[in-house]
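Asker: with the input below, show me the fold.
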Amino acid sequence: MEVRIQSIHFDASEKLQAFIQKKAEKLEKFCDNIKKVEVSLKVVKPETAMNKEAGVRVLALNSEFYAEKVSDTFEESIDVCMEALSKQLLKAKEKQQGK
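Answerer: The predicted structure is shown next:
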């Protein structure tokens, strides 16, 4: 699985990139056909606390899944996105098996 991280207007630290990689790899528990995970990070309102936006796109099962969240930290935004994506992937897997 390829994990691509794009940080807009800042450089993502190695620690943040490793965190994202680890979280993305956990998605494989819900779907074994993930080809690519694309993560976009940006600071949306520098003057406010809740300003770290993460968007995560997963390409799998001939489908595309997406989650976006703004939180106080990028790690929190990634966690919420990955949780939403795991639910989407599980639902798609169940639907596929029900055919």
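Asker: contacting residues for residue 90?
Answerer: residue 30 (CB atoms under 8 Å, 6 or more residues apart in numbering). All C-beta atoms are positioned from the backbone trio N, CA, C, and that covers glycine.
Asker: all helices of the chain, in order?
Answerer: Taking DSSP state H to define them, one finds helices in the chain at 14-26, 74-97.
Asker: between those helices, which gets nearest to residue 56?
Answerer: Proximity to residue 56 (CB to CB) singles out helix 74-97 among the helices of the chain, at 4.3 Å.
Asker: and the angle from that closest one to helix 14-26?
Answerer: 10 degrees (axes from the mean of the first three to the mean of the last three CA atoms, to 10 degrees).
Asker: I would like the residues contacting stretch 49-66, please.
Answerer: By CB under 8 Å, 6+ apart, stretch 49-66 touches 24, 27, 31, 33-45, 67-74, 76-78, 81-82, 85, 88-89, 92-93, 96.
Asker: now the helices of the chain as JSON lines including mean pLDDT?
Answerer: Below are the helices of the chain laid out as JSON lines (pLDDT from 0 to 100):
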{"stretch": "helix 14-26", "mean pLDDT": "95"}
{"stretch": "helix 74-97", "mean pLDDT": "93"}
